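*Asks:* A structural model of the following input is requested.
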Amino acid sequence: MKKKKKSWKDMPPAARFGTVIVGAAQLAYLVAAQRDISRRPAEQIRGSKKFWRLVTLVNFVGPSSYFAFGRKRLPPPTGK
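*Replies:* Down below sits the predicted model:
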């Protein structure tokens, strides 16, 4: 037997709220990654900017991968 998919109206309020929160977090994470790619010089990114822009479109995994592996670590600034 096939289970009927729940529509938005069939979801309890707590589930709807959780869905909206997770969606907003995903969108914020995507925007943060895309913004960082735009502002960061290409020399400070591992691989091409175009590649990382495409990767960040994958839910949570893409932006997480970019922040973990896509950015080169800069040496700490010398305090003078």
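
*Asks:* helices of the protein, start to end?
*Replies:* Applying DSSP state H to the chain gives helices spanning 13-39, 49-55, 61-65.

*Asks:* can I get those in JSON lines including distance to residue 75 and mean neighbour count?
*Replies:* Backbone N, C-alpha and C define where each C-beta goes, glycine included. Below are the helices of the chain laid out as JSON lines (distance: least, Cβ to Cβ, whole Å; neighbours: other Cβ atoms under 10 Å):
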{"stretch": "helix 13-39", "distance to residue 75": "19", "mean neighbour count": "13"}
{"stretch": "helix 49-55", "distance to residue 75": "22", "mean neighbour count": "15"}
{"stretch": "helix 61-65", "distance to residue 75": "23", "mean neighbour count": "17"}
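
*Asks:* and of those helices, who's closest to residue 77?
*Replies:* Within the helices of the chain, the stretch nearest residue 77 is helix 13-39; the backing value is 18.0 Å (Cβ to Cβ).

*Asks:* measure residue 39 to residue 45 for me?
*Replies:* Distance of residue 39 to residue 45, computed by Cβ to Cβ, to the nearest Å: 11 Å.

*Asks:* let me see the residues that make contact with stretch 32-45.
*Replies:* With contacts defined as Cβ atoms under 8 Å, 6 or more residues apart in numbering, stretch 32-45 is touched by 48-49, 52-53, 56, 62-63, 66-67, 70-72, 74.

*Asks:* run the last query once more with 7 Å
*Replies:* Identification of contacts with stretch 32-45 by Cβ atoms under 7 Å, 6 or more residues apart in numbering yields 49, 52, 53, 56, 63, 66, 67, 70, 71, 72, 74.

*Asks:* which residue is the nearest non-sequential neighbour of the first one?
*Replies:* Beyond its immediate neighbours in the sequence, the residue positioned closest to residue 49 (Cβ to Cβ, 6 or more residues apart in numbering) is residue 37, lying 5.5 Å away.
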